[in-house]
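>>> Requesting a structural model of the entry that follows:
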Amino acid sequence: MAIHPSEKNDVHELYLMTDDIEAFVSAMKEEKIACKKVEDEGWGLLTHLTLPGGGKLGVYQPRHERPKAAAGA
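Got it, this is the predicted structure:
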(Lines give C-alpha, C1' and ligand atoms only; values in the text may rest on other atoms or scores of the structure.)
Protein backbone atom coordinates (compact mmCIF):
# COMPACT_ATOMS: atom_id res chain seq x y z
CA MET A 1 0.00 0.00 0.00
CA ALA A 2 1.22 3.51 -0.73
CA ILE A 3 0.19 6.73 0.96
CA HIS A 4 1.46 9.98 -0.48
CA PRO A 5 1.18 13.47 1.04
CA SER A 6 -0.93 16.06 -0.71
CA GLU A 7 -1.24 19.83 -0.55
CA LYS A 8 -5.03 19.39 -0.53
CA ASN A 9 -6.92 17.74 2.30
CA ASP A 10 -9.90 16.76 0.14
CA VAL A 11 -7.93 14.48 -2.20
CA HIS A 12 -7.36 10.92 -1.04
CA GLU A 13 -5.98 8.19 -3.23
CA LEU A 14 -5.10 4.64 -2.30
CA TYR A 15 -2.56 2.69 -4.32
CA LEU A 16 -1.43 -0.89 -3.97
CA MET A 17 2.13 -1.84 -4.89
CA THR A 18 3.34 -4.94 -6.71
CA ASP A 19 6.76 -6.26 -7.65
CA ASP A 20 5.54 -7.28 -11.13
CA ILE A 21 2.84 -5.13 -12.75
CA GLU A 22 2.61 -7.32 -15.87
CA ALA A 23 1.96 -10.44 -13.76
CA PHE A 24 -0.67 -8.50 -11.79
CA VAL A 25 -2.46 -7.38 -14.97
CA SER A 26 -2.36 -10.95 -16.31
CA ALA A 27 -3.83 -12.32 -13.07
CA MET A 28 -6.63 -9.72 -13.19
CA LYS A 29 -7.34 -10.61 -16.83
CA GLU A 30 -7.74 -14.29 -15.83
CA GLU A 31 -10.36 -13.15 -13.28
CA LYS A 32 -12.12 -11.03 -15.95
CA ILE A 33 -11.11 -7.78 -14.21
CA ALA A 34 -10.10 -5.13 -16.73
CA CYS A 35 -7.09 -2.93 -16.05
CA LYS A 36 -6.13 0.27 -17.83
CA LYS A 37 -3.06 0.22 -20.05
CA VAL A 38 0.13 0.23 -17.95
CA GLU A 39 1.68 3.71 -18.04
CA ASP A 40 5.28 4.61 -17.24
CA GLU A 41 5.04 7.48 -14.77
CA GLY A 42 8.80 7.73 -14.15
CA TRP A 43 8.44 6.89 -10.45
CA GLY A 44 6.81 3.59 -11.40
CA LEU A 45 4.60 1.60 -13.76
CA LEU A 46 0.93 2.32 -13.08
CA THR A 47 -2.41 0.74 -13.94
CA HIS A 48 -5.93 1.30 -12.63
CA LEU A 49 -8.82 -1.08 -12.25
CA THR A 50 -12.48 -0.21 -11.71
CA LEU A 51 -14.08 -1.44 -8.50
CA PRO A 52 -17.65 -2.82 -8.49
CA GLY A 53 -18.95 0.48 -7.05
CA GLY A 54 -17.34 2.46 -9.87
CA GLY A 55 -14.31 3.75 -7.95
CA LYS A 56 -10.79 3.40 -9.29
CA LEU A 57 -7.92 1.59 -7.60
CA GLY A 58 -4.35 2.31 -8.65
CA VAL A 59 -1.75 -0.45 -8.62
CA TYR A 60 1.87 0.24 -9.38
CA GLN A 61 5.32 -1.27 -9.60
CA PRO A 62 7.57 1.28 -7.89
CA ARG A 63 10.88 2.51 -9.19
CA HIS A 64 11.50 4.66 -6.12
CA GLU A 65 13.15 3.57 -2.90
CA ARG A 66 10.76 1.61 -0.69
CA PRO A 67 10.61 1.86 3.10
CA LYS A 68 11.78 -1.16 5.09
CA ALA A 69 9.07 -3.42 6.53
CA ALA A 70 8.20 -2.83 10.16
CA ALA A 71 9.64 -5.29 12.67
CA GLY A 72 7.32 -8.26 13.15
CA ALA A 73 5.46 -7.54 9.90
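>>> Please report how far the residue lying closest to residue 13 once chain neighbours are set aside lies from residue 26.
The shortest distance from residue 13 to any non-neighbouring residue, by CB to CB, 6 or more residues apart in numbering, is to residue 58 (6.6 Å). Glycine gets a C-beta too; all of them are placed from N, C-alpha and C. As defined by CB to CB, to the nearest Å, residue 58 lies at a distance of 18 Å from residue 26.
>>> if we can go back for a sec, the residue nearest to residue 13: which element?
strand 56-62 (DSSP states H and E).
>>> The residue nearest to residue 13 contacts residue 50, doesn't it?
No. Judged on CB atoms under 8 Å, residue 58 makes no contact with residue 50 at a distance of 11.3 Å.
>>> check contacts around the residue most central in space within the chain.
For the chain, the residue nearest the mean C-alpha position is residue 59 (1.6 Å; CA atoms, centre = their mean). Residues near residue 59 by CB atoms under 8 Å, 6 or more residues apart in numbering: 15, 16, 17, 18, 21, 24, 35, 46, 47, 48, 49.
>>> Between those residues, which sits nearest residue 64?
For the contacts of residue 59, the residue nearest residue 64 by CB to CB is residue 17; the value is 10.2 Å.
>>> follow-up on the earlier one: quick one: the residue nearest to residue 13 and residue 47, what's the gap?
As judged by CB to CB, residue 58 and residue 47 stand 7 Å apart.
>>> ok, now residue 68?
Applying CB to CB, the value for residue 68 to residue 47 is 26 Å.
>>> contacting residues for the residue nearest to residue 13?
The contact partners of residue 58, taken as CB under 8 Å, 6+ apart, are 13, 14, 15, 16, 46, 47, 48.
>>> quick one on the thing from earlier: for the residue nearest to the centre of the chain, give the beta-bridge partners.
residue 16, residue 47 (DSSP bridges).
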